[in-house]
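# structure here, sequence nowhere to be found:
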């Protein structure tokens, strides 16, 4: 993929989510311009959270465009430090903040100014004091190594133009023994990149989806252990909402020790 193509795709993603954030800020609705929005039905959006959104600002719920509920698999504990990649309107950060409590901290990372403004407004409405929203790209996380206990993400990694960099960055910022709990769109192994593109656009979370084997291989290459990719529901034919889990080993393999 050329640099020009990468830049164009990143700008398309940024523009699509900027539009979504502005619409929520202006109207409280999660709908976007015709042809730009994901279809908000049982496959995507706040409906996948069940009753977990009770008490959250309506704007945070309206801005949810994910394909799952990463909090359902992250198993957060009080005092933990959690990072949400592509935090959007902040729904997963606010839910995480509840679970980690006042001794923990929830970070959100997003590259879109409009989404960051929405997320910070939602945090203020929710009275959340243990949250922080950072501007940046998920391929270059602006946090130090070994500083996070849990990385979550909701239907964002498929949008990255450099997925190996994202996986490597997740591994870097996680403390030894840390874990990931991610919701994403994942293709069945037989589906070629061209066939994925036929089923949906890049900004629609379909064309850029990894296959199940590609995900597992990428996690292993980044250094993760105990990786799994579990399909939960169909997003498009042979593409599924999925739960991705893995851990950063607590110690280096014996061969790597001094």
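Now that the structure is in, tell me what you want to look at. The shown structure was predicted, so the numbers you read here are calculated from the model rather than taken from an experiment. Numbers count the residues shown, from 1 in each chain.
# could you find the closest non-adjacent residue to residue 219?
Spatial nearest neighbour of residue 219, chain neighbours left out: residue 227 (4.2 Å); criterion: Cβ to Cβ, 6 or more residues apart in numbering. For glycine as for every other residue, the C-beta is placed from the backbone atoms N, C-alpha and C.
# for the helix or strand harbouring that neighbour, buried residues please.
In this assignment (DSSP states H and E), residue 227 forms part of strand 225-236. For strand 225-236, the neighbour count (16 or more other Cβ atoms under 10 Å) marks 227, 229, 232, 235, 236 as buried.
# again, but for stretch 105-123
Those would be 105-112, 114-116, 118-119, 121-123, for stretch 105-123 by 16+ other Cβ under 10 Å.
# can you check stretch 161-178 too?
Those would be 161-163, 165-175, 178, for stretch 161-178 by 16+ other Cβ under 10 Å.
# so which of the residues you listed comes closest to residue 240?
If you rank those by distance to residue 240 using Cβ to Cβ, residue 163 comes first, at 17.2 Å.
# how much space separates the closest one from residue 233?
Taking Cβ to Cβ, to the nearest Å as the measure, residue 163 falls 22 Å from residue 233.
# just residue 87 next, same as before
Applying Cβ to Cβ to residue 87 and residue 233 gives a distance of 23 Å.
# identify the residues contacting residue 148.
If a contact means Cβ atoms under 8 Å, 6 or more residues apart in numbering, then residue 148 has 81, 82, 83, 107, 173, 174, 175, 178 as its contacts.
# report the beta-bridge partners for it.
residue 174 (DSSP bridges).
# give me the nearest residue to residue 202, chain neighbours excluded.
Residue 202 sits nearest to residue 208 (Cβ to Cβ, 6+ apart), 4.9 Å away.
# any idea how far residue 126 is from the one you found?
31 Å.
# looking at these two now, which is surrounded by more residues?
residue 208 (23 against 18; other Cβ atoms under 10 Å).
# per-residue confidence at the more buried one?
Residue 208 carries a pLDDT value of 89.
# which residues touch it?
With Cβ under 8 Å, 6+ apart, residue 208 has these contacts: 9, 158, 159, 160, 161, 196, 202.
# closest one to residue 218 out of the residues you listed, please.
Here the nearest of the contacts of residue 208 to residue 218, counting by Cβ to Cβ, is residue 160; it sits at 11.1 Å.
# okay, and the closest residue to the closest one other than its chain neighbours sits in which element?
Leaving out its chain neighbours, the residue that sits closest to residue 160 by Cβ to Cβ, 6+ apart is residue 166, at 5.0 Å. Residue 166 belongs to helix 163-173 when assigned by DSSP H and E.
# who are the packing partners of that helix?
With contacts defined as 3 or more Cβ pairs under 8 Å, 6 or more residues apart in numbering; DSSP states H and E, helix 163-173 has these neighbours: strand 81-85, strand 148-154, helix 212-222.
# report the angle between the axes of it and helix 212-222?
Relative orientation of helix 163-173 versus helix 212-222 (axes from the mean of the first three to the mean of the last three Cα atoms, to 10 degrees): 40 degrees.
# how big is the angle separating helix 163-173 from strand 81-85?
Using the same axes, to 10 degrees: helix 163-173 against strand 81-85 is 170 degrees.
# the stretch 1-150 of the chain: helices as residue ranges?
3-27, 58-62, 71-74, 91-100, 113-126 (DSSP state H, counting those that start in this stretch).
# lowest average pLDDT across those helices?
Among these, helix 58-62 carries the lowest mean pLDDT (a mean of 49).
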